[in-house]
Every structure is written in C-alpha cells, then in structure tokens.
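Novice: I need the structure of the sequence given here:
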Amino acid sequence: MNPVDSPAFTDDTIIVIVGTNRRNSLTKHIAYYYQQILNKHHADSYLLDLSGLPADFTATALYENTGKNPEFNHYKNIVERAKKMVFIVPEYNNSYPGVLKAFIDGMSYPSGLSNKKIALVGLSAGHQGGALALSHLNDIFSYLGSNTLALRVKLAQIKTYWKGDSIQHELYNELLHQQARQIIAF
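Specialist: Alright, predicted model coming up:
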C-alpha cells in the first residue's frame with residue numbers, strides 16, 4: 001500500500017529523508033536512528049529513502065516529463081503531502097548530493113515545498129559536519145518558501161562516533177533530541 005494512502009500516514013507524520021541514493025549508506029543508518037528518536041518523543045514518522053528512486057528519474061520525471069513517472073510520483077506525493085520533514089544529508093564535495101538537488105527540482109513549483117517545516121541534519125567524515133551542505137540547502141528551501149529550523153545539527157567525524165546502531169557522542173545525541181522536539185513542536 002502506498003504510505004500516503006495508509007491510515008497510519010497522517011498530516012502529523014514527519015518524513016525523514018535519506019539525502020543520498022547510495023545504497024546501504026551511513027546516512028540511511030542515521031535516518032533510522034533519527035526515526036527512533038522521533039518515536040521516543042511519540043511522533044509518527046516515515047522514512048523516505050532516495051536509494052529507491054528510479055535510476056532514470058532525471059530524464060523521465062522532470063521538466064516536460066513531469067507527472068509521467070509513477071515511481072517518482074510516489075516519492076513526490078509523500079513529500080508534497082507532508083507538513084514536516086527532516087533531511088539527513090551527507091556532505092558530498094563540500095555540498096550535498098546531486099540526487100537530492102534533482103529530487104527537489106522534481107517537486108511541483110512553486111508550491112511543492114512552500115510552507116513546509118524542515119529540520120536539517122548534516123554528516124561528514126571531516127570536521128565541518130556538512131555545514132556548507134546545510135547552508136546550501138537552507139538557501140534553496142528559503143527560496144522555495146519552506147521554513148527551516150534554526151538548529152541545524154552537524155555530525156562531524158561521524159564514522160568515529162557511529163558504533164553498531166547508535167551514535168556514541170553525548171552532545172550529538174543531545175542536539176538530535178533537541179532538534180526532534182523542535183520539529184515536533186514547530
């Protein structure tokens with residue numbers, strides 16, 4: 001069943017978006033971890049994993065092909081119905097993954113992301129925690145009329161702190177819980 005049509009998918013469901021299409025990525029593990037944090041705060045959530053996007057969506061779902069790719073439309077409908085989203089974003093080449101930009105470009109313009117409430121979490125192997133990636137994304141979301149939380153969690157050197165299935169860093173966990181509470185109340 002399409003989650004948008006599911007009775008469990010309500011207007012209060014927070015969509016957690018895996019900001020890469022790399023399969024079995026650490027980003028996906030962090031997204032699941034964030035979803036568990038939302039669950040601890042009694043919030044409904046749904047994980048949207050971009051690794052399931054059709055490989056050819058940039059040619060079959062954008063521009064003159066808008067609305068013609070049912071697989072992409074599934075993703076698009078979830079995002080456009082949601083009121084709140086959390087983007088878990090890995091740093092790629094000092095910014096964010098191109099697939100995420102193309103995905104955002106596939107939303108209805110200008111209203112597909114307008115008035116959405118968005119939280120941003122960046123992760124990187126380096127020292128900045130995806131700070132520039134989150135800055136770039138924030139600019140795009142502002143342009144599209146979305147509202148982003150001021151607290152952008154930056155998980156620097158994430159490979160050092162990801163152990164098994166959790167983050168072993170007290171401050172990171174504190175910030176993630178704080179941000180989760182904020183997006184729930186937003």
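
Novice: helix or strand for the most centrally placed residue in the chain, which one?
Specialist: Nearest to the geometric centre of the chain sits residue 87, at 2.1 Å (C-alpha atoms, centre = their mean). Element membership for residue 87, per DSSP states H and E: strand 84-90.

Novice: what packs against that strand?
Specialist: In terms of contacts (3 or more C-beta pairs under 8 Å, 6 or more residues apart in numbering; DSSP states H and E), strand 84-90 is packed against strand 14-18, helix 26-40, strand 117-123, helix 131-143, helix 170-185. Quick note: C-beta positions are derived from backbone N, CA and C, even for glycine.

Novice: From the centre of the chain, point out the most distant residue.
Specialist: residue 64 (25.8 Å).

Novice: ok but that residue is inside a helix, no?
Specialist: Yes. Residue 64: assigned to a helix according to DSSP: H, G, I helix; E, B strand; the rest coil.

Novice: Residue 73: how many residues sit nearby?
Specialist: 16 (other C-beta atoms under 10 Å).

Novice: Just list the residues touching it, thanks.
Specialist: Taking C-beta atoms under 8 Å, 6 or more residues apart in numbering as the criterion, residue 73 is in contact with 61, 67.

Novice: how close does it get to residue 49?
Specialist: Using C-beta to C-beta, to the nearest Å, one obtains 16 Å as the distance from residue 73 to residue 49.

Novice: picking up where we left off before, any idea which helix or strand comes after the strand holding residue 87?
Specialist: Taking DSSP H and E, what comes next after strand 84-90 is helix 98-105.

Novice: Understood, closing this out.
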